[in-house]
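Peer 1: The sequence and its predicted three-dimensional model are supplied below.
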Amino acid sequence: MRAASWSLLLIACAPTTAPPPEEAVTIVVAPSPARAVAIDASAPDAATAPSPIVNGRMTSPLDVPARDVRTTAPRSKALLLMELQQLDALFSSMPTNAPDAPMVLRRMADDYLELHRADSGVAGARRAIDNYAKVISNYPTAPQIDQSMYSLALEYELIGEDTNARKAYYELIVKQPTSKWIPYAYFAFGELFLREAKSDPSKWDLAKQAYMEVLKYPGALTPWTNWRLMQVARVTGNTAQALTYESRLRSGFPQSDAMTRIGETL
């Protein structure tokens, strides 16, 4: 990693105020009694809460939905809780060194993440965070550990714990430098700096640096990155740069979701 990137990351982690598909997983639930899964029973069920589902897809609380790990195949809160009880019973019956233990634990974390998307309560997010942290600390060589690291960071960000989110994104970049989630982590740094820049103009350049790193990894975030760089250039008065990024977005990604929001301002 070049010095500029390291400098950006060190600043990003200082104290401060859609992705590729998963692997196929088959889980056979043991017939042992399921333990109760601790969740806030007073939280509204997805069936009665304002619907988070639009056109069959789970909506995302993120300004750029492409950053979200789980936005498809939404399920009801009742179904998620049932599966979580079964997974909890299965994990509790396994030796901690069982080959499938990290997979089951990550599946539990993913279900809690989905529960958080389907329910505005924070309980699901907290349980997702706890389970992802256990996967990362107890099974550091588990398959798709990089996705668990990204999901952990994203959940911290979604509940407003930006300091913890920065640290988790930083850990992903440093420990998994070849991960497909690296551009997502850099984009997250850009988003965090972007929010701060609205009250602290010194952060605009840091946001730009983070987004520039994303462009080194062509993929799903490329149109969104050009869109953000266009917005940053506009708000900082760099008309020429804004036109350059707008032109790249229009010519290279005319059918993208980012293109439909080209007129939005920061």
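Peer 2: Yep, that arrived. Residues are numbered from 1 along each chain as shown.
Peer 1: Can you tell me the centre-most residue of this structure?
Peer 2: Nearest to the geometric centre of the chain sits residue 154, at 3.6 Å (C-alpha atoms, centre = their mean).
Peer 1: Isn't that one up against residue 165?
Peer 2: Yes. Residue 154 sits in contact with residue 165 when judged by C-beta atoms under 8 Å, with a separation of 7.5 Å. C-beta: built from backbone N, CA, C; applies to glycine.
Peer 1: all helices of the stretch 151-266 of the chain, in order?
Peer 2: All helices of the stretch 151-266 of the chain, identified by DSSP state H, counting those that start in this stretch, fall at 162-175, 182-197, 204-214, 222-235, 239-252.
Peer 1: related to what we said a few turns ago, let me see the contact set for the residue nearest to the centre of the chain.
Peer 2: 67, 68, 69, 165, 188 (C-beta atoms under 8 Å, 6 or more residues apart in numbering).
Peer 1: most neighbours, which of those residues?
Peer 2: The member of the contacts of residue 154 that has the most neighbours, counting by other C-beta atoms under 10 Å, is residue 188 with 27 neighbours.
Peer 1: That residue and residue 162, how far apart?
Peer 2: Separation of residue 188 from residue 162 (C-beta to C-beta, to the nearest Å) stands at 10 Å.
Peer 1: Please apply the same query to residue 76.
Peer 2: As defined by C-beta to C-beta, residue 76 lies at a distance of 31 Å from residue 162.
Peer 1: The two: who's more crowded?
Peer 2: Neighbours around residue 76 and residue 162, counted as other C-beta under 10 Å, are more numerous at residue 162. The numbers are 16 against 12.
Peer 1: Grab the nearest non-local neighbour of the more buried one.
Peer 2: Using C-beta to C-beta, 6 or more residues apart in numbering and skipping residues adjacent in sequence, the residue nearest residue 162 is residue 192, 5.9 Å away.
Peer 1: And for that neighbour, the neighbour number?
Peer 2: 22.
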